[in-house]
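[1] coords please:
(2 chains)
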Amino acid sequence: DAGVIQSPRHEVTEMGQEVTLRCKPISGHDYLFWYRQTMMRGLELLIYFNNNVPIDDSGMPEDRFSAKMPNASFSTLKIQPSEPRDSAVYFCASRGRSYEQYFGPGTRLTVT
Amino acid sequence: AQSVAQPEDQVNVAEGNPLTVKCTYSVSGNPYLFWYVQYPNRGLQFLLKYITGDNLVKGSYGFEAEFNKSQTSFHLKKPSALVSDSALYFCAVRDSGNTPLVFGKGTRLSVIA
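    Numbering: from 1, shown residues only, chains lettered A, B, ... in the order given. The predicted structure is shown next:
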C-alpha cells in the first residue's frame, strides 16, 4: 500500500489567495483526520470524517477554513482567504479497523 | 476530556545508554495509548500501542512502553539508544469509543555519539 498521500508537499502563496490541500487516505480506511502542526501550538486536530461524513469540525480555526470528502478516496482542506498565521504543516491521517492512525507526509504551507 | 502530558521538551542521552521518554494521560474509561515518532520533514510514524493485555508492549525499532494504570503513565523505553533514534516523539491517547487521538506536545530526543 502507498500509505496516505498528500499534495502538494510544499505550498507558498501570498496573503489573500485561496489554498487547497489534498489527501488520499489508505484504501479501506473509513476515518480521515486533518491536523495542523506549528511550533507554538503543536499538533492540532482540525476536523475528522467517518465514512465521508464530517463528524467534528470544532478544531477548524475560523470560517476561512473548510474541508470536504466527496468520496472514500479523496479529501480537501481549503483556506480562503489565506493569512500569514495559517503558515504550518498540515497533515492528513486515516484509520481503518486497527486502532492506530496513519499519517501522510504533510503539506508545508507558507503564506507571505 | 482526554489529555496527554509529556513533561520533558527535550531528552538527551548518550549512544548505548538506555532511554526513557515520559508520558502521562487522562481519559474516561479504558485508555488506548500510542507512541509515534517524527523525523525531520516527515509525517508521524506509528511505533507501538497499548489496547489491552500485557502492560509491557513492544514496538518498532526496539522500542517498548510500559502501561501503568495506577500512575496513569505510558513511558517509552529502549535499552540501548542509537544516534538514529534522534527525533521528535509523541504520546497519544483516546478512549474506547471512535474518537480521534489526542496528542501530547512532543519530546525531542537527542542521542549523542
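[2] Please make it C-alpha for all contacts and neighbour counts, starting now.
    OK.
[3] which bits of chain B sit near chain A?
    B:34, B:41-46, B:49, B:100-101, B:103-106 (Cα under 8 Å from any Cα of the partner chain).
[4] Once you drop chain neighbours, what's closest to the residue in chain B positioned nearest to chain A?
    Minimum separation of chain B from chain A (Cα to the nearest Cα) falls at B:Gly43, amounting to 4.3 Å. Excluding the flanking residues, the one nearest B:Gly43 by Cα to Cα, 6 or more residues apart in numbering or on different chains is A:Pro105, at 4.3 Å.
[5] just checking, that neighbour is part of a helix?
    No: membership of A:Pro105 in a helix is not supported by DSSP: H, G, I helix; E, B strand; the rest coil, which gives coil.
[6] Quick one, grab the pLDDT at it.
    Model confidence at A:Pro105, given as pLDDT, is 95.
[7] One more: B:Pro100?
    According to the per-residue confidence, B:Pro100 scores 89 in pLDDT.
[8] what lines up beside the helix or strand that contains A:Phe49 in the sheet?
    Secondary-structure assignment from DSSP states H and E places A:Phe49 in strand A:42-50. The sheet places strand A:42-50 alongside strand A:31-38 (antiparallel), strand A:53-56 (antiparallel), with pairing taken from DSSP bridges.
[9] Tell me which residues are up against the longest one.
    Same thing as strand A:31-38. By Cα atoms under 8 Å, 6 or more residues apart in numbering or on different chains, the surrounding residues in contact with strand A:31-38 are A:25, A:42-52, A:77, A:88-96, B:100.
[10] beta partners of the residue nearest to A:Tyr48 when sequence neighbours are not counted?
    Setting aside the residues directly before and after it, A:Tyr48 is nearest to A:Phe33 in space (Cα to Cα, 6+ apart), at 4.3 Å. For A:Phe33, the beta-bridge partners under DSSP bridges are A:Tyr48, A:Ala93.
[11] Just the strands from the chain, written as ranges.
    In the absence of a named chain, chain A is used. Under the criterion DSSP state E, chain A carries strands at the ranges A:5-7, A:10-13, A:19-24, A:31-38, A:42-50, A:53-56, A:65-71, A:74-79, A:88-95, A:102-103, A:107-111.
[12] if you could check chain B rather than the one you did, that'd help
    B:3-5, B:10-14, B:19-21, B:24-26, B:32-38, B:44-50, B:56-58, B:64-68, B:73-78, B:87-94, B:102-103, B:107-112.
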